[in-house]
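> Quick one, structure for this:
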Amino acid sequence: MDTLNIAILGCGTVGGGVARIITEINNDLTVRAKTKIVLKKIVELSPGIAAERFNLPLDLFCGGGRDLAGAEANQFINELVSSKEIDLVVETIGGKSDFVYNLCLDILNSGKHLVTANKALLAERGKTIFDAAEAKNVKIGFEAAVCGAIPIIKTIQESFTGDKVLSVSGIMNGTSNYILTQMQDENLEFSEALNLAQENGYAEADPSLDINGGDAGHKLILLIKLAFGIDVSKEDLSILGIENITKEDIDFASEINAKIKLICYAKKVNGDIYATVRPMLVKNSNFLSDVSGATNAVRINNHYSGVHFLVGKGAGSTETAMSIVSDIVFIARYGDKIQNIPAKQECNLAESHKFVFPYLISFQTGNIPGTTGFITTAIGNQEINIETVSHNRHKGEKAMFSVATMPCTLGQIENAIQKIRSEKPGMLLSEPKIMPILY
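Prediction:
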C-alpha cells in the first residue's frame, strides 16, 4: 500500500490531537511508516472550534467547516465508512452505546482498519469487535485505550513475545492517584482532594468511573486478555474504588511505611488468574509508592526477563493522540503481520476470597476496654499471623485501629469478621476495611 487514507470521527480532545500530530509531522510519519499517511476527512459537529483549537484547516472537515446537526454528521460518517477511498478510521467519539458499538462493527465489516482509545467499549463489548476484525482480516489499534502515552499494549504484544507474563499490576487511573496523593501529601479529606482534582482538570464533573474503579477495571480487562489470553467481564472482576478512603486510612498506611494507591492487579498461578482492582497499601520500598499525581505506572513480571516498569502520562490530548498515531504508523508499516489479540487460553478467574496477600484491616468500634484483644484473638483463631497492630485513635465514643497480617486469604479474614459479628454483635460500628499490602 503506497498510501493510507484516514478518516477521524470526532475532533475533541483526543481526535483533535490526532489530527494535529498527523498534519504537523506528516513527512516524519511517512518515513516511519514507509507509506504516505493522508488525513482525508474529519467529522465534527463544531469544526470551527476544533480547527482553531488544534490549528487545522477547515477544508479537512466534512461539510466544508460549517457546524453540523447530528443527522448530517451521521450521514457523513456513513459515507466515509462505505467509501473505498478510506483505509483506516479513527474512532474518538467514545462510550459504549449501541451507536458506537455498531459503528465500529460497520467500520471493520467494510474492510477498514480501526484505531480507537475506547477502553469501555473494548472491555465490555470487545469480543464481537475483535471477531469481526479477524473475519475481515483488518486490524484494531487500541494502544491509547490503556494508560494513554505508555506503550503497554505493544510491549506485551510485541516486546515480550519471547517471554511469559506472570503478573501485571500498577496504577492505571491518574485521577484516583492524584486524589490519593493530595490526601497523603496535603492532609486533605477525600472530598477536598476530589474538588481540587476537578478544579485542576484531573477529574470530570462526574468522576464516578475514576473513583469507583470502573475505568481502571476496563484497562485491566484488556491487559488480562493480552497477557493471559482469557476473556473477563467486568461483572467477574473484583473491583473496589477509593471513595471510602479517609484520612485515618492514610495515617494507618503511614504507620506501616506505606501509601494507599488504587492498584490494578492480575497474576497467573498455575491455571488460575487472580485479578482485582482495589486500594492497596504499597510499601515505600516498592517503586509504585513513589508514583504521584496523575502519573500512571505499570509493573510487569516475566518468567525469563524479570520485572519491568513503564511510567508515563495516562491521559491528555497529545499524549493519548500520540498512541493513536503510533497505531496508525504500525498498521501502515506491518499490515496483516499484526496479531489483534492472542489465542484464547484455558484459564480460570479465581474467586476473590482465595487471594493471598498480607492485609491491613481497619476497624471502627466502641471505645470499650478489651476490644482490641478480642478482635486480634478472633483473627489469630483463623490461623492468621499478625504482624503489627496500630495505635488506637479515639473520637468520642468511637475507637479506630488497624491490624496488619502476614500473608493469608481474604476468605480467612472474612471468616474472622463473621465470628466477631456473631459473638459480639455490637462491637463493630462499621464494615471493616480490608486492603492488601504490596511489598
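> Show residues contacting the one helix or strand residue 52 maps to.
Assigned by DSSP states H and E, residue 52 belongs to helix 47-54. With contact meaning C-beta atoms under 8 Å, 6 or more residues apart in numbering, helix 47-54 is reached by 11-12, 15-17, 19-20, 42, 44, 56-58, 60-61, 63, 65-68. C-beta: built from backbone N, CA, C; applies to glycine.
> pull the CA atoms of that helix into PDB?
Provided in PDB are the C-alpha atoms of helix 47-54 (Å, rounded to 0.1, in the frame of the first residue of the first chain):
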ATOM      1  CA  PRO A  47     -15.500  22.300  13.100                       C
ATOM      2  CA  GLY A  48     -14.700  26.000  13.700                       C
ATOM      3  CA  ILE A  49     -13.900  25.500  17.400                       C
ATOM      4  CA  ALA A  50     -11.900  22.300  16.700                       C
ATOM      5  CA  ALA A  51     -10.000  24.000  13.800                       C
ATOM      6  CA  GLU A  52      -8.900  26.900  15.900                       C
ATOM      7  CA  ARG A  53      -8.100  24.800  19.000                       C
ATOM      8  CA  PHE A  54      -5.800  22.400  17.000                       C
END
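> Past that helix, which element shows up next along the chain?
Following helix 47-54 in sequence order, the next helix or strand is helix 70-82 (DSSP H and E).
> Remind me what that next one packs against, helices and strands.
Where contact means 3 or more C-beta pairs under 8 Å, 6 or more residues apart in numbering; DSSP states H and E, helix 70-82 is packed against strand 3-9, strand 36-43, helix 98-109.
> Of those, which is nearest residue 224?
Residue 224 lies closest to helix 98-109 among the helices and strands packed on helix 70-82, at 20.8 Å (C-beta to C-beta).
> Now do the domain split for the protein, please.
Using automatic domain parsing, the domains assigned to the chain come out as 3-148+318-337, 152-311, 353-438.
> between these, which gets nearest to residue 346?
domain 152-311 (7.1 Å).
> one step back: for the helix holding residue 52, the averaged confidence score.
Mean pLDDT, helix 47-54: 97.
> what comes up buried for that helix?
47, 50-51, 53-54 (16 or more other C-beta atoms under 10 Å).
> repeat for stretch 273-284
By 16+ other C-beta under 10 Å, the buried positions in stretch 273-284 come out as 273-283.
> Check stretch 63-80 too.
Quick answer for stretch 63-80 (16+ other C-beta under 10 Å): 63, 65, 68, 73, 76-77, 80.
> A strand includes residue 278, no?
Yes: in this structure, residue 278 lies within a strand as judged by DSSP: H, G, I helix; E, B strand; the rest coil.
> That one touches residue 242, doesn't it?
No: counting by C-beta atoms under 8 Å, residue 278 does not reach residue 242; the two are 9.0 Å apart.
> Need the overlap of contacts for these two.
Contacts common to residue 278 and residue 242, judged by C-beta under 8 Å, 6+ apart, are 213, 262.
> about what we covered before: could you dump the helices and strands packed on helix 70-82 into a markdown table with mean pLDDT added?
A markdown table is the format used below for these (pLDDT from 0 to 100):
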| stretch | mean pLDDT |
| --- | --- |
| strand 3-9 | 97 |
| strand 36-43 | 98 |
| helix 98-109 | 98 |
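> Of those, which stretch is the most buried?
strand 3-9 (a mean of 23; mean count of other C-beta atoms under 10 Å).
> which of the residues in the helix or strand just after that one are buried?
Next helix or strand after strand 3-9 toward the C-terminus (DSSP H and E): helix 13-24. Buried residues in helix 13-24, defined by neighbour count with 16+ other C-beta under 10 Å: 13-22.
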